[in-house]
Structure formats: structure tokens, C-alpha cells
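Asks: I would like to see how this sequence folds:
(one chain, ligands or ions: 3)
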Amino acid sequence: MNSQIALIQNIDALLPQTQCGLCGHRDGCLPYAKSIAEGEEANKCVPGGQPVADALAALLKRPQLLAEESVWPIQSDGRPQRMKAIIREDECIGCTKCISACPVDAIIGSGKLMHSILTDLCTGCELCIPPCPVDCIDLIEDDHVIPNETLRIREQNDLRNRYYSHIQREEQRRINRKGPVVRANIDTALFAQFSAQDDRVPDILIAQIEAKPVVQLNAQSTIELAKLRTQIKKLEKQLSVRDDAKKRLLLDELNQQLNACQGI
Ligand code: SF4
Ligand code: SF4
Ligand code: SF4
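Replies: Ligands and ions are numbered 1, 2, ... in the order given. This next block holds a predicted model:
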């Protein structure tokens, strides 16, 4: 393994694997680890607090820096208070947006059904809160005993594994375009590169999107497209007032025609 990759892995091993993006790297701890190895300051991990900033300074033989401040009070281990998210389940409309937002797959539920958070897995990263359209997710203090060093490393390894599995699923979703994409764009190539070199994390395979044939539009097809769009808009307006099975069928057909014309 080359020494730069080994260095990035050693930095990543010290990061909490919350994947919260508060360091400014919205797609998680590994991109921040890479950037630290390339010279970025190593004091920006908010959930890691001063202990992580100091451990990184020691690893990199750099001067100690004051850690980026958290909004939460400091616990006895020097890190910011651990938090957990909970869903007010009677208010949840089952839209599933929080599921794709959770980097460690700590939320269960399916379309139009109430969702729940597996509190033992939740890291309190808060990423599920902004996408929730009905604002029914709260953060509370995590009252579990603060883990010792061995347990913390085990927990970090588990979170890293869960994040890699999550990325693989999001990669598949990107290809199949199913469901909303509410997270930051993840640098899947970077994660794939590291997963290939580390037996402890699941491999990430990058799917290739087949190039679509380029459709040359002439004047006639431009007119056809405009006609189709007008018909679609009209039907959508009618359906928003009253549902009608026949019109819905027609709308599907017109959308298919439109996609075919556009080469989608
Ligand atoms: S835990 Fe959050 S702030 Fe810390 S390195 Fe990971 S993504 Fe960045
Ligand atoms: S449930 Fe919410 S707060 Fe907890 S880990 Fe998932 S996204 Fe983060
Ligand atoms: S985003 Fe909010 S409303 Fe939608 S499923 Fe999650 S908790 Fe329920």
C-alpha cells in the first residue's frame, strides 16, 4: 500500500465516523482524512472535539490547535455531548426522506408508514432533520455510558462499515434514479478506491451509466415535443383537481412518448 494511502487510513481511524459533514466535508470522514493528509488543518472535526484534534496533531507531528467548537456541552471524555435523534412517530407521514439522509442506516420504515430510529445506531449527526417535511425529528441527549477506548474503536469501525454499505446503496440508487437524493454528492470513487484496499470494509462497486443516444432535434420533432408538454401540463392540472384512472393512464403514455422523443 502506498504511504499516502496508509496515512489517510491512519487519519480516518482517528475520526469518529459520524459522517456528519461538520468539518466542511459533506460526504464524510474519509474525504476530510484525505484533505488533512494533503495539508488541511486537523482541528475541524466537531464531534471529535479536542481529543481528536490532539490525536491528529500527534500523528501528523503538527502543532496542537484548538478544536472547532460544538454547540453541545463537553462530556467527561473531553468530547462534545453525544446526541440521539428520535421521531415523533404519531406525526410522521412516512415520506422516507430521512432514510436516504441517514449515513449509517439507523432509520427503518417504508413508504407511507411510520418511521423509527434505531437509537443504538444513531450518532446524532442531525442529517435526517432538515429533509423531514413535517419537522417531526427531535434531538435528545444520549444517556448511555460514555464508551471506553476499545468500545469506541469498535463503534467507529461499525459506523464506517455501515456508511460504506449505505454508499453502495446510494450508488445503486443514483443509477436507477429511485427516490429523492437528499444527501451531498458522495465522492464514490474515493470510497471505492479505499474499500478495495481495506479488507475491513465492504467493497464499493461503481456502476457505469450507459451513454444515452444523442437525439438530434429537427423543427418537426421540436413541435411534437412542445405539443406533448402542453398535453401533459393540461392533464396534470386536471388530475390535481380530480383523480381519473383513464386520464392517469393517458398521462403515463404521454410521459413515455416524451421520454422516448428526448432519448431518456
Ligand atoms: S465526524 Fe463529522 S466532522 Fe468529524 S470528520 Fe467525520 S464528517 Fe467530519
Ligand atoms: S437517525 Fe438521524 S441523527 Fe441519527 S444517525 Fe441517522 S441521520 Fe444521524
Ligand atoms: S422525513 Fe419525517 S415524515 Fe418523512 S419518514 Fe422521516 S420522520 Fe417521517
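Asks: endpoints of stretch 65-84, how far apart?
Replies: 28 Å (CA to CA, to the nearest Å).
Asks: how about it against ligand 1, any contact?
Replies: No: counting by CB under 6 Å from any ligand atom, no contacts exist between stretch 65-84 and ligand 1, the nearest distance being 8.0 Å. Every residue, glycine included, has its C-beta placed from N, CA and C.
Asks: please renumber the chain so that the first residue is 84 from this point on.
Replies: Okay, using 84 as the starting number, the last item reads as stretch 148-167.
Asks: and the contacts of that stretch?
Replies: The contact list for stretch 148-167 (CB atoms under 8 Å, 6 or more residues apart in numbering) reads 105-106, 124-136, 140, 200, 202, 205-207, 209, 222-225, 227, 229.
Asks: 7 Å instead?
Replies: Here stretch 148-167 makes contact (CB atoms under 7 Å, 6 or more residues apart in numbering) with 124, 126-127, 129-134, 136, 140, 202, 205, 207, 222-225, 229.
Asks: off-centre distance for stretch 109-125?
Replies: Counting by CA atoms, centre = their mean, to the nearest Å, stretch 109-125 is centred 17 Å from the centre of its parent chain.
Asks: buried stuff in it?
Replies: Of all the residues in stretch 109-125, those buried under the rule 16 or more other CB atoms under 10 Å are 109-120, 125.
Asks: where helices are concerned, which of the contacts of stretch 148-167 count?
Replies: The members of the contacts of stretch 148-167 that map onto helices under DSSP state H are Gly132, Gln133, Pro134, Ala136, Ala140.
Asks: so which of the buried residues of stretch 109-125 comes closest to ligand 2?
Replies: Gly111 (12.0 Å; CB to the nearest ligand atom).
Asks: my guess is the closest one meets Gln100, correct?
Replies: No: assessed by CB atoms under 7 Å, Gly111 is found out of contact with Gln100, at 8.1 Å.
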